[in-house]
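>>> Got a predicted structure here, sequence first:
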Amino acid sequence: MENEAQNNSLNPQRSDVGFPEARKEEKKSKKLPLIIVVVLVFLLLAGGGYFLLTKPSSVSDEVSEEGTTITPTQASESPTPTAGEVNKKEISIEVLNGTSISGLAGNVKTALTKLGYTDIKTGNASSKDYETTEVKFASSVPTSIKDEILAELNKTYQEVKTASGAPSGSDIQIITGFPKGHTATPTAKATVTPTAKPTGSVTTTPTTTGSVTVTPTKTPTPTPTV
């Protein structure tokens, strides 16, 4: 008994009470991963919200109330400017009279001036045998201007056509042909009347002019022979 008491005195029994500092560290070590997860989730949510706020709006990403995606329509082409939208004062026009009828180029200039065109020059074409009115347009002339010019010329002239090639020195060149109601004058042709030629044969009888004197010759008297 004394030995056991001595052993007990030498080796005191350990208490069952835990160390409070070690438990605190253990709790902290368990909370640390949880805090990291919460921080990561917060950062992900914040980053996603920033991306959604800064992302440009797109019609294709919009969703209707029924849950269907709205398909964006293609952008339509820019409309072609009409004749009223084009500055007609900047378009240069040359009108040439292609016939022998006087005043046609001036008449066209007057009609185009009423439509708002101001830069118009007139003159005579190198040839006077144009029956059809020909028009040349530069590539920069809008379609609306072309249609307006052709429609105006068709009011006055028998036939109007667009000629190939680009005009020189102007945006539009017009060579006038025959106006409506004009009839081409036929060109007079010279007629040749054949000259009558004599038919049959002609006999020519020579005639002798002057006088001929005949001198008689004497016949000799024969001498009698003995």
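Okay, I see it. Numbers count the residues shown, from 1 in each chain.
>>> those helices in the chain, which residues are they?
Applying DSSP state H to the chain gives helices spanning 2-10, 20-54, 104-114, 143-154.
>>> for the record, mean pLDDT for the longest one?
In this case it means helix 20-54. Taken as a whole, helix 20-54 carries a mean pLDDT of 72.
>>> go on, stretch 97-117?
96.
>>> Put the alpha carbons of that stretch into CSV.
What follows is stretch 97-117, C-alpha atoms only, in CSV (Å, rounded to 0.1, in the frame of the first residue of the first chain):
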residue,chain,number,x,y,z
ASN,A,97,-29.4,69.9,-131.2
GLY,A,98,-29.0,66.9,-133.4
THR,A,99,-31.4,68.0,-136.1
SER,A,100,-31.8,70.8,-138.6
ILE,A,101,-34.8,72.0,-136.7
SER,A,102,-33.9,75.3,-134.9
GLY,A,103,-34.7,75.9,-131.2
LEU,A,104,-34.8,72.3,-129.9
ALA,A,105,-31.8,72.7,-127.5
GLY,A,106,-33.3,75.9,-126.1
ASN,A,107,-36.7,74.2,-125.6
VAL,A,108,-35.0,71.4,-123.6
LYS,A,109,-33.1,73.9,-121.4
THR,A,110,-36.4,75.7,-120.6
ALA,A,111,-38.1,72.5,-119.6
LEU,A,112,-35.2,71.4,-117.4
THR,A,113,-34.9,74.8,-115.8
LYS,A,114,-38.5,74.5,-114.6
LEU,A,115,-37.5,71.3,-112.8
GLY,A,116,-34.8,73.1,-110.9
TYR,A,117,-31.7,72.5,-112.9
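>>> Same question for it: list its buried residues.
Within stretch 97-117, the residues that count as buried by 16 or more other CB atoms under 10 Å are Asn97, Gly98, Thr99, Leu104, Ala105, Asn107, Val108, Lys109, Ala111, Leu112, Tyr117. No exception for glycine: its C-beta is placed from N, CA and C like everyone else's.
>>> Could you export those to JSON lines, including columns for distance to Pro33?
Putting the buried residues of stretch 97-117 into JSON lines (distance: CB to CB, whole Å) gives the following:
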{"residue": "Asn97", "distance to Pro33": "100"}
{"residue": "Gly98", "distance to Pro33": "98"}
{"residue": "Thr99", "distance to Pro33": "102"}
{"residue": "Leu104", "distance to Pro33": "99"}
{"residue": "Ala105", "distance to Pro33": "97"}
{"residue": "Asn107", "distance to Pro33": "98"}
{"residue": "Val108", "distance to Pro33": "93"}
{"residue": "Lys109", "distance to Pro33": "93"}
{"residue": "Ala111", "distance to Pro33": "92"}
{"residue": "Leu112", "distance to Pro33": "88"}
{"residue": "Tyr117", "distance to Pro33": "85"}
